[in-house]
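Undergrad: The following block contains a protein sequence and its predicted model.
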2 protein chains.
Amino acid sequence: MKDHLVNIGIIGLGTVGTGVARILLKQKELLHTRSALTFQLKAISELDWSRNRDLDLSHVKCTTNADDILLDPEIDIVVETIGGYEPAFSFICKALQNRKHVVTANKALIATKGRELFKIAAANGVDLMFEASVGGGIPIIKGLREGLVANTIESIYGILNGTSNYILTRMHQDELEFGQALQEAQAKGFAEADPTLDVGGGDAAHKLTILASIVSSGFVDFGSIFVEGITAITKLDINFAKSLGYTIKLLAIYRLVEDGLDLRVHPTLIPNSHLLAAVNQELNAIFVKGDFVGDTMFYGPGAGERPTGSAIVGDIVDLSQDLLLKEGEQSSKRTINPDVQVKTIPISQVKNRFYLRFFTLDAPGILSKISGILGDCGISISSMVQLEAHEKENYVPIVLITHEASEASMEKALQEIRKFDFVKENFLRLRVF
Amino acid sequence: MKDHLVNIGIIGLGTVGTGVARILLKQKELLHTRSALTFQLKAISELDWSRNRDLDLSHVKCTTNADDILLDPEIDIVVETIGGYEPAFSFICKALQNRKHVVTANKALIATKGRELFKIAAANGVDLMFEASVGGGIPIIKGLREGLVANTIESIYGILNGTSNYILTRMHQDELEFGQALQEAQAKGFAEADPTLDVGGGDAAHKLTILASIVSSGFVDFGSIFVEGITAITKLDINFAKSLGYTIKLLAIYRLVEDGLDLRVHPTLIPNSHLLAAVNQELNAIFVKGDFVGDTMFYGPGAGERPTGSAIVGDIVDLSQDLLLKEGEQSSKRTINPDVQVKTIPISQVKNRFYLRFFTLDAPGILSKISGILGDCGISISSMVQLEAHEKENYVPIVLITHEASEASMEKALQEIRKFDFVKENFLRLRVF
């Protein structure tokens, strides 16, 4: 470090990059008071300078060439806020190889290319930080790695995708169907034109990969996570869940079990008395259980220019501490060991309580046939709702909640039930918290 | 530091000290994996060694003389878990003067003697850490100082006293009177034999002093905080609040306003839709609004051997990073500047919405007289409940919720209303979130 001046370069001035620049310019004095360091936004690289971002960049080098940052020997910390895989990946590699610390919010990249990136960082004696990649402005990564460092983390239940939570909240509160709620989310800017990654669960799985890697001090394969999105949930299911005292949320789940990690993303019925059931709109929350601390929860905005900027600047201040370390020392709090492969268990070995919703014809003995198959597979029913058919030949919904059963047994039972011609194809299986 | 071995001494093996020892012994390997450092519990000083704590201390020096820790040149970090003012204060001073980092959970000491202690720490180039002093196992201090470092903190609303929250929860959920709920809390170990500091609001005010000092990078005088406890709240008030859609919680409030900080501890009516209203039993939660991050919340257990131990060990791992710093450098994230006096505003300048509950005789024109005085003081009524008297000469409750008004106006109005002989003396004024 040069006289306690920390030079920062931002690559990519979209929503998040703009937030970082705004904070570094506006809070310079505050950051100096709090850290006794001067954070200097030295350069920004961006291809499209036409957009008005309401920033005074008169003292910042503005360029279209990322190398102006990546090769500048004075830059201590590079902020990557381009998003996506390329050129973000190459830029981060180059920054690390040039012995610059890197901060990113790029969850897809960390989740799928983290192993490579952390190896390059370690080999070059620098750090790669990513607080903003999970939970937006919520300091959950710091909370897990440092605040709860004394704990073996036993479970994490996270509402990590704001788009899905917004859609489910609207479906709950205003009885919208999924499609209507999605359209509204898109109109309000909470969902992208192609919402697949959000409503399909992939985004939450990226974030879960990151959280699971942190708490297990190894690296989790993104591909090992079971993922199910929220697209099959109907207004009817929301209402059934409501009448049974549950709220449906898309949860990213980490559980430390005997044989490894149980990692999955799927919609889940949460009892209304649980704090997670009260996390609404586009907000995020992460419920964490540690063996010493017990139950904790971290809540806040999961996205947006200002919250994400807040998290990235938190990382920048953290990294600046590395610049004060003795020669040869490395900050020791940020250990994801990319060489350690974390063992996960397949979904078939997991046990859950299930919510099942069928549409069936109103014929005699249907319920006994369904419950018979469930019983044959060792699955017992905890509660049941069957509605009356008002006309013959009409399909009516039956909803069952089961006691705990293995996913494998449930899969087998559903294969059998599917064969009945009085059961319509579009049944739904959800899991209960 | 000696070869990346961090030597720790604990002074006081009560509930909290036992938790710290248990974690250091049980999680040694986990902490090594996560930090690449070896944390060695070298010595414990305690006067009463007769208690069985279920700890294997065969490799720990057990002493009754604190100097065996305070004067041991090999000890890097001293954990003070005696509690109270003396000898805790003297021990911490001596440890700092001997250039040992100190970790404590002692909120009363930090809140009232912090200015002196931080000066001694700074003068000796060591750190004094106190994560466990607020919110038990919740990493709120780290969250505010590091995670949200980029933010000017605009407001904090904290449920910081587990005893009071337990009592209020029992009053809400099971219609107990204050005295009954307190007795139960004492029987369950959630309240002390002398509960004054908890139910009187003093404990929450200690914690608020600490939080306000952190976020303002200065030092707040404990004496400048307005404090009101929960002892005057009756089952009747709880039920009125409930019927109006509110839950009563003891809140510690920090608000950054134009002329300084508005700091107070008092019972508050919180709308049921707010997440804080769902924080029940002995649990704590801190709702924080930052200018960039927006609304966040941190939730978890506010006390107990294991959660408090978790927070203290988090501090120990943090402090170990200081041992890797270059000669002459100091960790720059922990700035409470004891020389900066933080300006607070008196309660009379604060504006609030109020809940007022009177017992009055059922005589004609009473309501118009009360509302007349409120009106004269510029206070307008937002909602009102008056119950019917079943017998003459019986006092009946009247409950009013006002629009926003200054505390000074309300004080004036209450002085006038108090003069009416149809109003019983034991009226109650609460504040609305």
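TA: Cool, got the structure. These numbers were taken from a predicted model, which means no experiment stands behind them.
Undergrad: list the helices and strands the lowest-mean-pLDDT helix or strand in chain A packs on?
TA: Across the helices and strands of chain A, mean confidence by mean pLDDT, DSSP states H and E is lowest for strand A:381-386: a mean of 90. Packing partners of strand A:381-386 (3 or more Cβ pairs under 8 Å, 6 or more residues apart in numbering or on different chains; DSSP states H and E): helix A:366-376, strand A:395-402. In short, each C-beta sits where N, CA and C put it, glycine included.
Undergrad: For the ones you listed, give me CSV that also has distance to chain B, mean pLDDT and mean neighbour count.
TA: What follows is the helices and strands packed on strand A:381-386, written out as CSV (distance: least, Cβ to the nearest Cβ, whole Å; pLDDT from 0 to 100; neighbours: other Cβ atoms under 10 Å in any protein chain shown):
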stretch, distance to chain B, mean pLDDT, mean neighbour count
helix A:366-376, 34, 93, 16
strand A:395-402, 23, 93, 19
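Undergrad: Can you pull the residues of the stretch 101-250 of chain A lying near chain B?
TA: A:131, A:137-139, A:142-143, A:145-152, A:217 (Cβ under 8 Å from any Cβ of the partner chain).
Undergrad: And the residues you listed, which of them are buried?
TA: A:131, A:137-139, A:142-143, A:145-151 (16 or more other Cβ atoms under 10 Å in any protein chain shown).
Undergrad: Report the two of these separated the most.
TA: Largest separation among these by Cβ to Cβ: A:137 and A:150, giving 24.8 Å.
Undergrad: Nearest residue to residue A:172 in space, please, no chain neighbours.
TA: In space, and not counting its chain neighbours, residue A:172 is closest to residue A:238: 5.5 Å by Cβ to Cβ, 6 or more residues apart in numbering or on different chains.
Undergrad: quick check: mean pLDDT across the helix or strand hosting that neighbour?
TA: Residue A:238 belongs to helix A:235-243 when assigned by DSSP states H and E. For helix A:235-243, mean pLDDT rounds to 95.
Undergrad: That one to strand A:381-386, inter-axis angle?
TA: 130 degrees (axes from the mean of the first three to the mean of the last three Cα atoms, to 10 degrees).
Undergrad: After helix A:235-243, which helix or strand is next?
TA: Next in sequence after helix A:235-243, counting helices and strands by DSSP H and E, comes strand A:246-257.
Undergrad: Show me the helices in the stretch 51-200 of chain A, by range?
TA: Secondary structure of the stretch 51-200 of chain A by DSSP state H, counting those that start in this stretch: the helices cover A:67-70, A:88-97, A:107-123, A:140-142, A:162-174, A:178-187, A:196-199.
Undergrad: now those in a markdown table, with mean pLDDT?
TA: As requested, the helices of the stretch 51-200 of chain A are exported to a markdown table (pLDDT from 0 to 100):
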| stretch | mean pLDDT |
| --- | --- |
| helix A:67-70 | 98 |
| helix A:88-97 | 98 |
| helix A:107-123 | 95 |
| helix A:140-142 | 97 |
| helix A:162-174 | 97 |
| helix A:178-187 | 96 |
| helix A:196-199 | 97 |
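Undergrad: So which of those helices is the most surrounded?
TA: For the helices of the stretch 51-200 of chain A, average neighbour numbers computed from mean count of other Cβ atoms under 10 Å in any protein chain shown are highest in helix A:140-142, which has a mean of 27.
Undergrad: For it, name the packing helices and strands.
TA: helix A:202-216.
Undergrad: ok so, going back, I'd like the helices and strands packed on strand A:381-386 laid out as CSV, including distance to residue B:122.
TA: Shown next, in CSV, are those (distance: least, Cβ to Cβ, whole Å):
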stretch, distance to residue B:122
helix A:366-376, 67
strand A:395-402, 59
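Undergrad: so which of the ones you listed gets nearest residue A:282?
TA: Ranking these by proximity to residue A:282 (Cβ to Cβ) places strand A:395-402 first, at 28.4 Å.
Undergrad: Listing partners with orientation, what would you give for that closest one?
TA: Its sheet considered, strand A:395-402 pairs with strand A:351-361 (antiparallel), strand A:381-386 (antiparallel) by DSSP bridges.
Undergrad: Please identify the deepest-packed of those.
TA: Highest mean neighbour count among the strands paired with strand A:395-402 (mean count of other Cβ under 10 Å): strand A:351-361, a mean of 20.
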